[in-house]
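> A predicted structure for the sequence below; I have some questions about it.
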Amino acid sequence: LTQHGQAIQQVLQTLQAALLATATAATAAAATGSAWEAIPEKKQGSVAETSSTAQHVCEGHEHGKRQSCSPDSPAAHPTPAAPGAPANSGAQPNQQGKGHGKGWKPFPAFHEEENETRYDGWTRGQWEIWLESSCGSQWCDNKHLEAERIADFLVESWGLETLQSGSGVIDVGGEPGFLSASLLQRGVPVTLVDPTWQETGKSNRHTKNIANSAKFSALATNFDEAFVALNAELVNDASAIVSLYGDDATAPCLQFAAEKGMPCAVMPCNECVRYYPPMNRNYDGYAQALLNDANARGGQFLRATLHGVPFSRVLIVQLPPSREGSKKRQQLELEMQQMQWQMQQMQLMRQMQMHQQQNQHQHPQQHHQHNHPQAWQHDWQQAHLQCHNHQTAQQGWQQNHQLQQQWQQLPQQQEEEEDRKKDEEQQDEKSKKKKKKQQQQQKASPPEQKPKQ
């Protein structure tokens, strides 16, 4: 927006300079007499067509009033080039700006070679220029916020000890390192695997110092079967595999984690339309297809919904067998059941609406009765009773009621379980102290003397 404004200001300044030069020339011509008669007749047509600027002056002069470009009009006379205006106004327009104004180019500038490597549509130089703008800075802040939310989710769901164990987390396709930076701040070792590491030009203030960390390492290669074979020790000793918008690496991460039973978190790319399944060509269908394929390979993946993130909210996770993972699994299972019930209700409502529309087409004479509330309610009840999924709807209501009760009782059950464990620990400590005290008393007291026979 800033560059567009600057370009418009340059165009306005050029027009103002041309207008001032035209007015000056008209004043000089009026003082010395009209110079129009001295111009040969063959050049009158060319003078009238000398400059598009003069035409704009004739059309927009005096507060937008249209004036005719007659030979007696001052605007029709040829004028010298004004400061800042093109030297030859009758020449062809300047092609350097490609129609966007003299000396101005679209943003980012497309002056790079056509065969230069592009990352997400832009070259390295274009990314570096864009990240310096306010829009690029805001994008970096949003990506950093997203990484922070995901890191908090991983710590809450898996536990910090689980993430810090082994060789740490493998961040697949993590260029330029937003998630790696957030995990390093929490003391989690990270190995970033991306063939475009430090080549895209996306380095920013949030990620420029991660390479100096002792707990960080980067491998500029693809995550595939060859990588797993060459780095078997690193992969098998990793605490988790994470991939955000991994594109081609999304499916391999899920497949490997499903086969090994390793904790994994994947956020599918919401712009990879080429991966959408043909039976359900949207982002939800893509996420569900990945989830079904991973679970069919032996995985135990669940779908999680993130809140407070600026971009995608879908996260496919396989939780570890830890205390935090068990709690998160119960919560996600309840959420998925509630989501499935809501989808069933939406399908049921669509079927009811279609049935009502069919009845209206079959009985057009009775259509005016729907305006009456009682008649509309009666028709709705009839359609509801005639729907084939009426029994499914009743079961859905019951399941929803049970889910709500379980959801409300879950925090209370967790608190009761924690209180019970605390009570058991306190009782164990008391019994240990009592036993220890008895042993000390026995050691301190003199031995009992047996009575003499």
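That came in fine, so what should we check first?

> which parts of this structure are helices?
2-32, 44-48, 52-64, 124-131, 134-158, 160-164, 178-185, 225-230, 232-236, 250-260, 283-296, 323-362, 373-386, 390-444 (DSSP state H).

> nearest to residue 270, out of those helices?
Closest to residue 270 of the helices of the chain is helix 283-296 (Cβ to Cβ; 5.2 Å). Backbone N, C-alpha and C define where each C-beta goes, glycine included.

> which parts of the closest one are buried?
283, 286, 287, 288, 289, 290, 291, 293, 294, 295 (16 or more other Cβ atoms under 10 Å).

> before we move on, the earlier item: export the helices of the chain to JSON lines and tack on mean pLDDT and distance to residue 307?
Converted to JSON lines, the helices of the chain look like this (pLDDT from 0 to 100; distance: least, Cβ to Cβ, whole Å):
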{"stretch": "helix 2-32", "mean pLDDT": "86", "distance to residue 307": "33"}
{"stretch": "helix 44-48", "mean pLDDT": "40", "distance to residue 307": "67"}
{"stretch": "helix 52-64", "mean pLDDT": "39", "distance to residue 307": "53"}
{"stretch": "helix 124-131", "mean pLDDT": "91", "distance to residue 307": "27"}
{"stretch": "helix 134-158", "mean pLDDT": "92", "distance to residue 307": "8"}
{"stretch": "helix 160-164", "mean pLDDT": "90", "distance to residue 307": "21"}
{"stretch": "helix 178-185", "mean pLDDT": "95", "distance to residue 307": "17"}
{"stretch": "helix 225-230", "mean pLDDT": "92", "distance to residue 307": "34"}
{"stretch": "helix 232-236", "mean pLDDT": "92", "distance to residue 307": "32"}
{"stretch": "helix 250-260", "mean pLDDT": "92", "distance to residue 307": "22"}
{"stretch": "helix 283-296", "mean pLDDT": "92", "distance to residue 307": "17"}
{"stretch": "helix 323-362", "mean pLDDT": "76", "distance to residue 307": "12"}
{"stretch": "helix 373-386", "mean pLDDT": "51", "distance to residue 307": "34"}
{"stretch": "helix 390-444", "mean pLDDT": "72", "distance to residue 307": "16"}
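
> pick the most deeply packed of the ones you listed.
helix 178-185 (a mean of 24; mean count of other Cβ atoms under 10 Å).

> what packs against it?
Where contact means 3 or more Cβ pairs under 8 Å, 6 or more residues apart in numbering; DSSP states H and E, helix 178-185 is packed against helix 134-158, strand 169-172, strand 190-193, strand 240-244.

> give me the angle between that helix and strand 240-244.
Compare the direction of helix 178-185 with that of strand 240-244 by axes from the mean of the first three to the mean of the last three Cα atoms, to 10 degrees and you get 140 degrees.

> now do helix 178-185 against helix 134-158, angle only.
50 degrees.

> then helix 178-185 to PDB, C-alphas only?
C-alpha atoms of helix 178-185 as PDB (Å, rounded to 0.1, in the frame of the first residue of the first chain):
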ATOM      1  CA  PHE A 178       9.400 -20.900  13.900                       C
ATOM      2  CA  LEU A 179       8.400 -24.000  15.800                       C
ATOM      3  CA  SER A 180      12.100 -25.000  16.500                       C
ATOM      4  CA  ALA A 181      12.700 -21.600  18.100                       C
ATOM      5  CA  SER A 182       9.600 -22.000  20.300                       C
ATOM      6  CA  LEU A 183      10.700 -25.500  21.400                       C
ATOM      7  CA  LEU A 184      14.300 -24.400  22.100                       C
ATOM      8  CA  GLN A 185      13.000 -21.700  24.400                       C
END
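
> for the remainder of this discussion, apply numbering that starts at 47.
Renumbered: residue one is now 47, and that last one reads helix 224-231.

> run through who's touching it.
With Cβ atoms under 8 Å, 6 or more residues apart in numbering as the test, helix 224-231 has contacts from 189-190, 192-194, 196-197, 200, 209, 214-215, 217, 220, 236, 238, 252-253, 255-256, 259, 261-262, 288, 290.

> swap in stretch 209-217?
By Cβ under 8 Å, 6+ apart, the list of residues contacting stretch 209-217 reads 200-201, 223, 225-226, 229, 232-239, 261, 269, 280-281, 283-289.

> now residue 248. Nearest residue, chain neighbours left out?
Nearest non-adjacent residue to residue 248, counting by Cβ to Cβ, 6 or more residues apart in numbering: residue 222, 4.1 Å away.

> enumerate every residue touching the one you found.
244, 246, 248, 249, 250, 253.

> distance check, the third one against residue 301.
This means residue 248. Distance from residue 248 to residue 301, counting by Cβ to Cβ, to the nearest Å: 28 Å.

> distance to residue 346 added to the helices and strands packed on helix 224-231, as CSV?
Formatted as CSV, the helices and strands packed on helix 224-231 follow (distance: least, Cβ to Cβ, whole Å):
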stretch, distance to residue 346
helix 180-204, 13
strand 215-218, 19
strand 236-239, 24
strand 286-290, 14
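
> ok, which of these comes nearest residue 465?
helix 180-204 (21.2 Å).

> what angle sits between the closest one and helix 48-78?
Here helix 180-204 points in a direction 170 degrees away from that of helix 48-78 (the same axes, to 10 degrees).

> nearest approach to residue 486 belongs to which of the helices and strands packed on helix 224-231?
helix 180-204 (43.7 Å).

> which other residues reach the closest one?
By Cβ under 8 Å, 6+ apart, helix 180-204 touches 48, 176-177, 209, 224-225, 227-229, 231-232, 250-252, 286, 288, 290, 309, 311, 313, 350, 352, 354-357, 361, 363, 365-366, 368, 370-371, 374.

> 7 Å - rerun?
Identification of contacts with helix 180-204 by Cβ atoms under 7 Å, 6 or more residues apart in numbering yields 176-177, 209, 224-225, 227-229, 232, 250, 252, 286, 309, 311, 352, 354-357, 363, 365-366, 368, 370-371, 374.

> alright, that wraps it up for me.
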